[in-house]
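Asker: Using only what follows, build the 3D model:
(chains A, B, C and D)
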Amino acid sequence: MTLVLDQVSKSFGGLAALSDISFKVNDGEIVGIIGPNGAGKTTLFNLITGIFPPTEGKISYHGKNLLGLRPYKVTALGLARTFQNIRLFGHMSPLDNVMVGAHCRTKAGVWRGLWRTPAQRKEEKSTRERAQALLQLVGIENDTDSPAGSLPYGQQRRLEIARALATEPELILLDEPAAGMNESETQDLRLLIKKIQMMGKTVVLIEHDMNLVMNVCDRLVVINFGQKIAEGTPAEIQKNPLVIEAYLGREEA
Amino acid sequence: MFWQQLVNGLTLGSTYSLVALGYTLIMGVLNIINMAHGEVFMFGAFVGLFLVNYLKVNIFVAMAGAMAASALLGILLEMLALRPLRRRAVSDLAPLISTIGVSIFLENLALKIFGPQSQAFPAGALSGVQLQLGPIRITLVQIVILGISFGLMFVLRFWLSKTRVGKAIRTTAESIETANLLGINTNKIILLTVALASALGGIAGVLVGLSINAVEPTMGLSMGLKGLAVLILGGMGNITGAMLGGLILGIAEVFTVAYGASSYRDAVAFGIIILILFIRPQGLFGKRQGGRF
Amino acid sequence: MKKGLTKWLTGMMIGTLLLTTAGCGGGSAPAANSESEGAGAAKIGVVAYLSGGGAAYGQSQKEGLDLAKDEINALGKVKIDLVYEDSRGNNTEAINAVNKLINKDNVVALIGPTLSGEMFASGPIANQSEVPIMGTSTTAEGITDIGEFVFRNALPESSAVPQAVKMAVQKYNLKKVAMMYSSNNDWAVSGYKTMAQALKDNGVEVLATETFADKDTDFSAQLTKISSLKPDAIMVSSLYQEAALVLKKAREIGITVPFVGTNGFNSPELIKIAGQAADDAIVASPWYPGKENEKITKFVTDYKAKYNKIPDQFAAQSYDALYIYASALEKAGSSTDRAKLRDSLATIKDFQGVTGKFAFDEKRNPLMDATVLIVKDGQFTELK
Amino acid sequence: MDIILNQYYLQIVIFVLVNAILGVSIYMTLSTGQLSLGNAGFMSIGAYTCAILTVKAGFPVYLAIPIGGAAASFISLIIGYPALRLTGIYLAIATLGFGEVVRVIILNLKITNGALGISGIPTLGTKISKMLSSFGLSRFGGLTAQQTSNLLVLVVLIFILAFLVFFCTRLNRSRVGRAFASIKADESAAEAMGINTTYYKLLAFALGAFIAGMAGGLSAHLTFFIGPKDFAYHRTVEILSFAVLGGSDLIIGPIVGALLLTMLPELLRSASEYRLMIYGALMVIMMAFRPQGLISKETVRFWKRKLGRRINQ
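Answerer: Numbering: from 1, shown residues only, chains lettered A, B, ... in the order given. Okay, the predicted model is just below:
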């Protein structure tokens, strides 16, 4: 069992952002988390990655309790993420952005970096090659002169995924990767997510683009006003009355 | 002895509060620490001195003149140093560095114009009279300072909460962009705030100049750093915090000298800056800033 | 990539070096050792604290020196021209000023710098370059130990303060006193140490020692604490600005005992700021404008005519310093030979200056007698 | 050749190099986006530790200077750990407060001799020439003792500065440098990418303090005397102005800033009372019109492209 959320809730002061959320994510699955804006989806990601602790409930990953772990420790455990509003390292080149992702997988410190020891040079070469491979995977050619901040929007989204993949995660959390993408870019994204699954990784996806979600995800979790109202395969969810009401509202009887 | 030291602490503290009010106002609205406020305070003192010594003006008119001159200096400061920074997305350190530059400029300008000598208000201007209340001895000027600083605090609080302009200032304090959207001419409001804060610095300059009777160009730096400590102690941008913070710092310094070692007096103000920022960054009365995300 | 880095790095280094030397080389052609300056005029460099917080002291020194220069050149026995450099009371800049005067302006001797700290920093450079340097206001201990070429005509605290303390102890028969000094000013701290020693020699008990900092303006806490101990007198070591404020505050909270001060007290500014509160302030100083001596009265009248204020001890001691150099130059007979000037300086005996009879001892410190003064209704008068 | 040997210019170049090293110290902390105004405090710790070791304990200079740096670095860890929760102006003000507290402590300690400071510090030059003469090569050509010692000091300082530039360039291209740059760009995103931001911010803080401490030790041995007054608020502002004028994107920025601002007083010797006014005005103008400083990534890229085009034309 990869990721287990057990009765997790989070409130900021009086406002209950999430209450009593429990669901599991199995290895190799693609799980979609959907729900109207402000339902608490990104808050859920922030709880999982340790940005702030839940008010109640437990989150475990491969049986290991995530509560109290600093975000970088969560990432080291193999749980990478992207952000709803892109947070790339704007002034650094695309290649450097991805190489930063490999940070927790490499060891060279100040001393080895300074004298360029053989071990450091080898590690640097392999990080560079792996980063280039990831850039090809997400379809960005690396021209070091233009900083990441000046790339077109779609490419920045994909660069963020490449950077997350550089941390060699087993589970990757994508926060609205398709936001602001046109038809063909969303199509490429679908193929990319499938490729990531083929690499044996588990994907948890927050997304509003329904036809992307419906045909890429194995299972869905629906959250509305901070509560889990449904869970199941895309087919079941489409027919679930609670979900329809949450999205389309009830006809006036 | 304890009561006299307490009074000493309060009078010293009230001068710090008066200086800190100007800091807090700018910090509250623009989220900027105006490092040049100490120098505006010094300029106010010199203008007051000039009016009293050369134009033989009565002390209260001199105070008004000092407030006007400092307000003008504040407007210049805002137009030249702060406004250009808002035009482009610059890090929040830029105003700090820019106002440090202004403070050096003003200190040396004052050294050039007024000369390095420390000058004094003539004896007659208010400072001589002394009152004896039981064991405590307090001069009239110190009472005036206590009165004016508390008075200004209430006036400021009332003005900010009740009047239309006050509300406009507080909306700009929340966020300049939204205030703009709501049709508030934020540039005018910011200019007004800086002018008001500098006027407060001006009157503080005259009053402190009267009570210590030594006005010289380098007094801006030490008073400025003390005002900064009060700003942080009281809570960034919190007016009551500035008032009480000033009194607390004054008493802490006096009691360090009276009961501890007088040579560690300066360490009190800076020690407070470090301790408060570590333990309670929002200060004693400030509200918690937003979380990391 | 490796080659690119080292090439770029060395390029940068050479660039910085050339930039700096070219930058300052362009300033003015360095007259290395040429004899080209004015016919026989001795060029003396002056390093003084002319701008910044303590500029008042540097400026009175300049005024004293200018007055002396005009008089000496009028006499015609020796011609002197002065080159001023501002050290802003900062050690690094004092070093740069001394270096410039020695190596670029090629001066034969130096006067200054104003603060003892600056002398400790720049004195060794003058000494190594074998150029005589005379401090006129550097009273800290150990200044002349820097080297053979370092002189001073500022009466060190160690001779003036004990006279003031002895006189005060006898006159007011002091048993218990309190002490105050400015702890971040090297001049004040060494004055305090000498004063404490003098008190011990006279068997006077020190009830409390309070400190403050230069530019402090509030002394209420220290003075309230001291007044509760009821001392017979208060000994203060600081510059006149803070000393005046201490006096004012003390009189304000009802302390009437006499004050004894170190050199810092001895300036007309003390009376100007403290006003009436300065009464009963005692200080020993070599300079006393009120003394009946035609050399002093002439100096005071000329100074007042030129700068319309009474000369303070900084002006007086610089004035004398230039006259000492003038007589040494006369004896040495050359206006460019630094070593000869140093030797003739060391042998100056019974020189009669505005600060009284003067001679250098073997350690190049001044042997002067100090008069003990007391402020009485706004005037420094001699304490008999 | 005569210009090089003239002691006045030699001394200025030496002060330029010491200030350039200080510029590198503030660049180091700025490389993680942290503005520390405590560099004058670390410099004073380094200067006093080093001076006390050489004057009172008779340590050799080449040992005392690194120890001074290490002492400053050690104390930066103690103050740094709690300070790192702060960012932006709060960190700047806290470190400014730290610098002033260090000054007050130095004023009151017996060993640091309070306001009297420590005098009679043996000059770097004499120490080095004594060391060299023990190896038998005491006098080069016709130079006087003064000139040889100054030239030797110049060579040592150039070597130290060159090593620091080499250190920073190598660091920037390594994993640690990337971690610094990512923290500077977006600290929370860097942490989400698996970087222990506290560790790396502390590392940058300690490296900056080490360099400032070493610069303190060096300057102590150049001015024979150090006192608390030399490391007060104005010194911090001076170091800051190097980075502000030169720009803090690249290592060359603060060095050029230090070069220009140390030369300014000598070029303006005649109008020296206006000099500080010009400093102040310069900082305001730089912040208003070129906050990234004279030399930034764009300038380097612009020149590379310009020069590149001319070379292959």
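
Asker: domains of chain C?
Answerer: C:40-155+C:296-367, C:158-285 (automatic domain parsing).

Asker: Endpoint to endpoint, the last one covers what distance?
Answerer: From its first residue to its last, domain C:158-285 covers 12 Å (Cα to Cα, to the nearest Å).

Asker: cool, and stretch D:218-233?
Answerer: 20 Å.

Asker: ok so, going back, for the domains of chain C, which one sits closest to chain D?
Answerer: Between chain D and the domains of chain C, the shortest gap by Cβ to the nearest Cβ is with domain C:40-155+C:296-367, which sits at 3.7 Å. Just so you know, the C-beta spots here come from the backbone N, C-alpha and C atoms, and that holds for glycine as well.

Asker: Quick check: phi and psi at A:Ile34.
Answerer: Dihedral pair for A:Ile34: phi -120, psi 160, per degrees, to the nearest 10.

Asker: who's it bridged to?
Answerer: For A:Ile34, the beta-bridge partners under DSSP bridges are A:Val222.

Asker: Would you enumerate the residues in contact with it?
Answerer: With contact taken as Cβ atoms under 8 Å, 6 or more residues apart in numbering or on different chains, A:Ile34 is in contact with A:41, A:206-208, A:210, A:213, A:220-223, A:237.

Asker: What residue in the stretch 1-150 of chain A comes nearest to chain C?
Answerer: A:Arg116 (8.4 Å).

Asker: The residue nearest to that residue when sequence neighbours are not counted: neighbouring residues, count only.
Answerer: Nearest residue to A:Arg116 in three dimensions, chain neighbours excluded: D:Arg170, at 7.0 Å (Cβ to Cβ, 6 or more residues apart in numbering or on different chains). By other Cβ atoms under 10 Å in any protein chain shown, 17 other residues sit near D:Arg170.

Asker: what sits against the residue nearest to C:Gly52 when sequence neighbours are not counted?
Answerer: The shortest distance from C:Gly52 to any non-neighbouring residue, by Cβ to Cβ, 6+ apart, is to C:Arg88 (4.4 Å). Taking Cβ under 8 Å, 6+ apart, we find C:Arg88 in contact with C:49-52, D:272.

Asker: cool, A:Asp6 as well?
Answerer: Neighbour list for A:Asp6: A:22, A:57-60 [criterion: Cβ under 8 Å, 6+ apart].

Asker: tell me, which of these make contact with chain C?
Answerer: Counting by Cβ under 8 Å from any Cβ of the partner chain, nothing from these sits close to chain C.

Asker: Just the ones of the residues you listed in helices?
Answerer: With DSSP state H as the criterion, helices contain none of the contacts of A:Asp6.

Asker: among those residues, which are in strands?
Answerer: Taking DSSP state E as the definition of strands, the contacts of A:Asp6 contribute A:22, A:57-60.

Asker: can I get the residues you listed in CSV with neighbour count?
Answerer: Shown next, in CSV, are the ones in strands among the contacts of A:Asp6 (neighbours: other Cβ atoms under 10 Å in any protein chain shown):
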residue, neighbour count
A:Ser22, 14
A:Gly57, 18
A:Lys58, 14
A:Ile59, 23
A:Ser60, 15
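
Asker: Okay, now the unreliable bits of the chain?
Answerer: Because you didn't say which chain, this covers chain A. A:1, A:142-145, A:249-253 (pLDDT under 70).

Asker: nope, chain D
Answerer: D:1-5, D:135-145, D:272, D:310-313.

Asker: who wins for proximity to B:Ile136 among the domains of chain C?
Answerer: B:Ile136 sits nearest to domain C:158-285 of all these, at 10.4 Å, using Cβ to Cβ.

Asker: Briefly note if that closest one comes near chain B.
Answerer: Yes: Domain C:158-285 is in contact with chain B by Cβ under 8 Å from any Cβ, via C:183, C:210-213, C:215-218, C:220-222, C:224-225, C:228, C:241, C:244-245, C:248, C:252-254, C:269, C:273, C:275.

Asker: Which ones among the residues you listed map onto helices?
Answerer: C:220-222, C:224-225, C:228, C:241, C:244-245, C:248, C:252, C:269, C:273.

Asker: picking that back up, list just the nearest of the ones in strands among the contacts of A:Asp6 to chain B.
Answerer: Of the ones in strands among the contacts of A:Asp6, the one sitting nearest to chain B (Cβ to the nearest Cβ) turns out to be A:Ile59, at 17.2 Å.

Asker: check contacts around that closest one.
Answerer: So A:Ile59 contacts A:3-6, A:8, A:47-48, A:65-67 (Cβ under 8 Å, 6+ apart).

Asker: Spatially nearest residue to it, not counting backbone neighbours?
Answerer: A:Leu66 (4.6 Å).

Asker: right, and the one you found touches A:Pro54 too?
Answerer: No: look at A:Leu66 against A:Pro54 with Cβ atoms under 8 Å: they stay out of range, at 9.6 Å.

Asker: Count the neighbours of residue 105 for me.
Answerer: By default, I'm working from chain A. Residues contacting A:Arg105 under the criterion other Cβ under 10 Å number 15.

Asker: oops, chain D please
Answerer: 16.

Asker: Next: A:Gly149.
Answerer: The number of residues near A:Gly149, taken as other Cβ under 10 Å, comes to 14.

Asker: Could you report the separation of the residue nearest to it when sequence neighbours are not counted from D:Phe59?
Answerer: Of all residues not flanking A:Gly149 in the chain, A:Gly90 sits nearest, at 3.2 Å (Cβ to Cβ, 6+ apart). In this view, A:Gly90 and D:Phe59 are 47 Å apart by Cβ to Cβ, to the nearest Å.

Asker: which residues are there in the stretch 151-253 of chain A that come within reach of chain D?
Answerer: Neighbours of chain D within the stretch 151-253 of chain A, by Cβ under 8 Å from any Cβ: A:163-164, A:167.

Asker: Repeat the analysis, applying 10 Å as the threshold.
Answerer: Contacts of the stretch 151-253 of chain A with chain D, taken as Cβ under 10 Å from any Cβ of the partner chain, map to A:160, A:163-164, A:166-169, A:173.

Asker: Return the residues in contact with D:Thr236.
Answerer: Neighbouring residues of D:Thr236 by Cβ atoms under 10 Å, 6 or more residues apart in numbering or on different chains: B:100, D:26, D:36-41, D:43, D:95-96, D:99-100.

Asker: Mind doing that once more with 7 Å?
Answerer: Contact analysis of D:Thr236 by Cβ atoms under 7 Å, 6 or more residues apart in numbering or on different chains lists D:37, D:39-40, D:96, D:99.

Asker: From B:Gly235, how far out is whichever residue of the stretch 251-384 of chain C sits closest to chain A?
Answerer: Chain A sits closest to C:Arg338 of the stretch 251-384 of chain C, with a gap of 49.5 Å, by Cβ to the nearest Cβ. Noted for C:Arg338: a distance of 63 Å to B:Gly235, by Cβ to Cβ.

Asker: Nothing else from me, thank you.
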